[in-house]
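Enquirer: Here is my input; please provide its structure:
(chains A and B)
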Amino acid sequence: MDDGSVIQSVLNGNTKDYELLVKKYQQSIFRTAIGFVHVKEDAEEITQDVFVNAYLSLSRFGFQSSFATWLYRIAVNNSINYIRRKKANRIWGNISLFFNVASADKSPEKMLSEKEDQYLLKKAMDTLSEKQRTAFILSKYEGLPQKEVAAILDINEGAVEQLLIRAKSNLKKILEKNKRP
Amino acid sequence: MDIDKLINEMVAAETTVECNPFLSTRVMATLEKQEVQEKPFVLKPAVIALGIMAAVFLGVAAGSLYREDTKEDTIVLYNDSSTENFAFFIETENN
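Expert: Sure, this is the predicted structure:
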């Protein structure tokens, strides 16, 4: 059953079928959200809101783009709004950001150094412009082709490439500035 | 500093995080809850419309109950001045 048929079925009153779409896209939306907020619990909250908002607006989905593109747009908007709302709780955010870095079997010094690098990288990501950050997350976290990122951001492919180049360059600059000698 | 390596490590670390397997159940439960909550919003305008209709109907019904009294009043013509002469009072007061 393709996305269009499921959407039609949901619009015809078979609400339970919506769960098929949730199960299909939940991990992708979660990955996008975690790219923005870096905290699992927050990303789950955003993912839940994305699917609830998408359901409530489903009758307005005009099939002009794919359902996935439409869903990514909602995810990006929800994530950006969530970050704006959460700016007040910066102290707790910084603490959880530092401890919320995946660790492998490495020496404590190396782990700490990597944690610090990743923390700085996450902080640097947060300083990027919304468009640069969105393009970076959709491209790196989701591995979406530039064509799809362009469709989600409603810009052309060349602009996406420029955003990615600028995002990487800005990240490098910020990291070099903040890194201890 | 190898920025690409750092980015790849961070992305790899974050993309391996799995979301809650019960997330879809949570979403469906939220939607069901919202649908239940939405029902009163559908009923509310209907109840208000019914109330207005009932008020109008009762008003019309109460108005229609009124019947104009067609019975003619009996007028009694009585000449007061002939029964109690005005001069009599004047005289009484003077005394």
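
Enquirer: Could I get the full set of helices for chain B?
Expert: Assigned by DSSP state H, the helices in chain B fall at B:3-15, B:23-65, B:80-83, B:86-94.

Enquirer: and these as CSV, adding distance to chain A and mean neighbour count?
Expert: Backbone N, C-alpha and C define where each C-beta goes, glycine included. Converted to CSV, those look like this (distance: least, CB to the nearest CB, whole Å; neighbours: other CB atoms under 10 Å in any protein chain shown):
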stretch, distance to chain A, mean neighbour count
helix B:3-15, 4, 17
helix B:23-65, 4, 11
helix B:80-83, 85, 7
helix B:86-94, 92, 8
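
Enquirer: Switch those over to TSV; also include mean pLDDT and distance to A:Glu130.
Expert: TSV is the format used below for the helices of chain B (pLDDT from 0 to 100; distance: least, CB to CB, whole Å):
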stretch	mean pLDDT	distance to A:Glu130
helix B:3-15	86	19
helix B:23-65	86	25
helix B:80-83	68	100
helix B:86-94	66	104
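
Enquirer: For A:Gln48, which of the ones you listed is the nearest?
Expert: With CB to CB as the criterion, A:Gln48 lies closest to helix B:23-65 of the helices of chain B, at 5.6 Å.

Enquirer: packing partners for that closest one?
Expert: Under the contact criterion of 3 or more CB pairs under 8 Å, 6 or more residues apart in numbering or on different chains; DSSP states H and E, helix B:23-65 touches helix A:18-37, helix A:40-56.

Enquirer: show me what contacts the spatially most central residue of chain A?
Expert: The residue lying closest to the centre of chain A (CA atoms, centre = their mean) is A:Thr32, at 2.4 Å. By CB atoms under 8 Å, 6 or more residues apart in numbering or on different chains, A:Thr32 lies in contact with A:Tyr72, A:Ala75, A:Val76, A:Ser79, A:Ile137, A:Leu138, A:Tyr141, A:Glu142.

Enquirer: filter the residues you listed down to the ones close to chain B.
Expert: Counting by CB under 8 Å from any CB of the partner chain, A:Tyr141 from the contacts of A:Thr32 sit close to chain B.

Enquirer: Out of the contacts of A:Thr32, give me the one that has the most neighbours.
Expert: Of all these, the highest neighbour tally under other CB atoms under 10 Å in any protein chain shown goes to A:Ala75, namely 31 neighbours.

Enquirer: State the distance from the residue nearest to the centre of chain A to B:Ala46.
Expert: As judged by CB to CB, to the nearest Å, A:Thr32 and B:Ala46 stand 41 Å apart.

Enquirer: A:Glu161 now?
Expert: Distance of A:Glu161 to B:Ala46, given as CB to CB: 55 Å.

Enquirer: What of A:Gly35?
Expert: According to CB to CB, A:Gly35 stands 46 Å off from B:Ala46.

Enquirer: Equivalent analysis for A:Asn156, please.
Expert: For A:Asn156, the distance to B:Ala46 - CB to CB - is 50 Å.

Enquirer: so what's A:Lys168 closest to, chain neighbours aside?
Expert: Leaving aside its sequence neighbours, A:Lys168 sits nearest to B:Ile3 (CB to CB, 6 or more residues apart in numbering or on different chains; 6.7 Å).

Enquirer: Contacts only, for that neighbour.
Expert: A:Lys168, A:Leu171, A:Lys172, A:Leu175 are the contacts of B:Ile3 under CB under 8 Å, 6+ apart.

Enquirer: Now flag whichever of those is closest to B:Ala55.
Expert: Of all those, A:Leu171 has the smallest distance to B:Ala55: 67.8 Å, by CB to CB.
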